[in-house]
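# below are the sequence and a predicted model; questions follow.
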Amino acid sequence: MLRRMLLAAALGTLTTAAAQAQTPVKIGVLTDRSGVYADIAGEGSLVAARMAVEDFKAADKGLKVEVIAADHQNKPDVGSAIARQWYDRDGVDMIIDGVTSSVALAINQVTKEKNKTFIDTGAGTADLTGVQCTPNTVHWVYDTVALANGTGGAMVKRGGDTWFFLAADYVFGQTLQRDTTTVVTKNGGKVVGSVKTPFPTADFSSFLLQAQGSGAKVIGLANAGADTINAIKQAGEFGITEGGQALAGLLVFSSDVHSLGTKVAQGLVLTEPFYWDLTDATREFSDRFAKQMGGKKPTANHAGVYAGTLHYLKAVEALKASSDGAKVVAKMKEMPTDDPLFGKGTIRVDGRKIHDMYLFEVKKPAESKGEWDLYKTLATIPGNEVFRPLNEGGCPLVKG
């Protein structure tokens, strides 16, 4: 009896020690759960983060991971307040997603102040790795410079040398127009006009009429999500592409094209770093994701949440700690990235994640073999060509 009691006590001590040895990690998915970006981010981002924790087998590696989520409503004050509460009161170590550039910039500053970790996967402004870069932020999926180089550069080379912009009236639309203008003019094109559109908005008719009247060969849509969908639908109603003008969707996700349908979106040229049907690995992940999301395939943002969470957990496992955000991000930059959705890559000193991007064209209805068979690949753009050179962003972390 005494021997059994001693053995039980010893086993209890070992179990307690094992539990104590686990590193607690709390991840917050801060996203748009109810607004114009809910399809490209939203609940799918929460699903993707939880899939990453499961696939990483965090518990087997000494990590006790909890994933929570909140809706920032596309409002910077709401986003920063949630981030502050999560860091100060709720024990969150890392925030991921951040879709909406104005919100992401706010989270970026709070994260630096609290020395936590922010992985931006949904917001586009390249300022996150430029003048507003910090030691605590990684920018994973895409940015306004990469979109401009991809779609903007391709359209000019195809003969689209005069542009008119419809730009969402907040930091994302402004920086996307700015960065695309740079690419267009660098390649010998010209911007003949632009208009700022309220964010969000359902009625683009007056703005599209201005663009149509400008005679520009290309109408650049510097918006995203439901705004892009509405603009493309209404452009079709006005017969803009039939009249010889081309639409450039500067930020288009597969969920947008799915919503539009190939009949409306056919021929649209766009740049993305991920598409569900690229490889066996992307298809396998996407099938698992779709089973949890009512058949919906993942967007590039969802892929970024999955891949970013995986790499973050690798860094935390190596450090056996998650509380010092700057140290975790430094470890993430030190370790090469490697995941089934983006492949091998790196994270630069300015926080920019480097990987290839793809120039896609939306298929014609006759070419599509199914509901989600949307793209054909026009070109692969190497990461070191599509993203801004390290020394051109103005990031204070970059020496010399």
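The structure has been received and is ready for your questions.

# now for residue 267, how many residues are close by?
12 (other Cβ atoms under 10 Å). Backbone N, C-alpha and C define where each C-beta goes, glycine included.

# distance check, it against residue 247.
Distance, residue 267 to residue 247, by Cβ to Cβ, to the nearest Å: 9 Å.

# now do residue 50 against residue 237, distance only.
Separation of residue 50 from residue 237 (Cβ to Cβ) stands at 40 Å.

# which one's more surrounded, these two?
Neighbour count, other Cβ under 10 Å: between residue 50 and residue 237, residue 50 has more, with 19 against 11.

# how about the more buried one, nearest residue that isn't a chain neighbour?
Spatial nearest neighbour of residue 50, excluding adjacent residues (Cβ to Cβ, 6 or more residues apart in numbering): residue 67 at 5.3 Å.

# and the one you found, that's in a strand?
Yes: assignment of residue 67 by DSSP: H, G, I helix; E, B strand; the rest coil places it within a strand.

# tell me the pLDDT of it.
On pLDDT, residue 67 comes in at 98.

# residue contacts, it?
Going by Cβ atoms under 8 Å, 6 or more residues apart in numbering, residue 67 touches 26-29, 46, 49-50, 53.

# of the residues you listed, which is the nearest to residue 185?
For the contacts of residue 67, the minimum distance to residue 185 (Cβ to Cβ) is 38.2 Å, reached by residue 29.

# quick check: that closest one touching residue 306?
No: using Cβ atoms under 8 Å, residue 29 is not in contact with residue 306; the gap is 11.3 Å.

# shared neighbours of those two, anything?
residue 49.

# looking at the two, which one has more neighbours?
More crowded of residue 29 and residue 306, by other Cβ under 10 Å: residue 306, with 30 against 27.

# now the phi/psi pair for the residue nearest to residue 323 when sequence neighbours are not counted, please.
Take residue 323 and drop its neighbours on the chain: the residue closest to it by Cβ to Cβ, 6+ apart is residue 93, 6.4 Å away. Torsion angles at residue 93 (phi, psi; degrees, to the nearest 10) stand at phi -100, psi -30.

# which ones are touching residue 93?
25-27, 116-117, 316, 322-323, 325, 328.

# what do you get for residue 116?
Counting by Cβ under 8 Å, 6+ apart, residue 116 has contacts 87, 92-95, 136, 325.

# how close does it sit to residue 28?
Residue 116 is 9 Å from residue 28, by Cβ to Cβ.

# that older thread, most surrounded residue in the contacts of residue 67?
residue 49 (29 neighbours).

# so which elements touch the helix or strand hosting it?
Element membership of residue 49, judged by DSSP states H and E, is helix 42-56. Helices and strands touching helix 42-56, by 3 or more Cβ pairs under 8 Å, 6 or more residues apart in numbering; DSSP states H and E, are strand 23-31, strand 63-71, strand 94-97, helix 280-292, helix 300-319.

# could you give the angle of it to helix 280-292?
Angular relation of helix 42-56 and helix 280-292 on a 0 to 180 degree scale: 120 degrees, by axes from the mean of the first three to the mean of the last three Cα atoms, to 10 degrees.

# first-to-last residue distance for stretch 146-166?
One end of stretch 146-166 to the other measures 19 Å (Cα to Cα, to the nearest Å).

# also stretch 159-175?
24 Å.

# now it: buried residues?
By 16 or more other Cβ atoms under 10 Å, the buried positions in stretch 159-175 come out as 160-168, 170-175.

# next one: stretch 275-294
275-276, 278, 282, 285-286, 289-290, 293.

# contact partners of it?
Under Cβ under 8 Å, 6+ apart, the answer for stretch 275-294 is 43-44, 47-48, 51, 254, 274, 296-298, 300, 302-303, 306, 340-341, 358, 360, 372-375.

# residue ranges with poor pLDDT in the stretch 301-400 of the chain?
Scanning the stretch 301-400 of the chain for pLDDT under 70 picks out 400.

# swap the cut-off to 90 and go again
Applying pLDDT under 90 to the stretch 301-400 of the chain picks out residues 399-400.

# for it, what spans make up the helices?
For the stretch 301-400 of the chain, helices defined by DSSP state H, counting those that start in this stretch occupy the ranges 325-334, 383-386.

# check the offset of the last one from the chain's centre.
Think helix 383-386. In terms of Cα atoms, centre = their mean, to the nearest Å, the centre of helix 383-386 is set 17 Å apart from its chain centre.

# okay, buried residues for that helix please.
Neighbour counts over helix 383-386 (16+ other Cβ under 10 Å) mark 383, 386 as buried.

# alpha carbons of that helix, as CSV, please.
What follows is helix 383-386, C-alpha atoms only, in CSV (Å, rounded to 0.1, in the frame of the first residue of the first chain):
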residue,chain,number,x,y,z
GLY,A,383,9.6,37.9,-54.0
ASN,A,384,12.8,39.9,-54.4
GLU,A,385,11.3,41.7,-57.4
VAL,A,386,7.7,42.3,-56.3
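
# give me the residues contacting that helix.
Under the criterion Cβ under 8 Å, 6+ apart, residues 146, 149-150, 271, 345, 354-357 lie in contact with helix 383-386.

# okay, and which of the residues you listed map to strands?
271, 345, 354, 357 (DSSP state E).

# which one of those has the most neighbours?
Top of the ones in strands among the contacts of helix 383-386 by neighbour count (other Cβ under 10 Å): residue 271, with 28 neighbours.

# contacts only, for that one.
142, 146-147, 149-151, 154, 357-360, 381, 386.

# got those as a markdown table, with distance to residue 183 columns?
Output for those, formatted as a markdown table (distance: Cβ to Cβ, whole Å):
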| residue | distance to residue 183 |
| --- | --- |
| 142 | 14 |
| 146 | 10 |
| 147 | 9 |
| 149 | 6 |
| 150 | 9 |
| 151 | 9 |
| 154 | 10 |
| 357 | 13 |
| 358 | 17 |
| 359 | 13 |
| 360 | 18 |
| 381 | 12 |
| 386 | 11 |
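
# out of those residues, who's nearest residue 222?
The closest of the contacts of residue 271 to residue 222 turns out to be residue 147 (Cβ to Cβ; 9.1 Å).

# just give me the neighbour total for the closest one.
There are 28 residues near residue 147, going by other Cβ under 10 Å.
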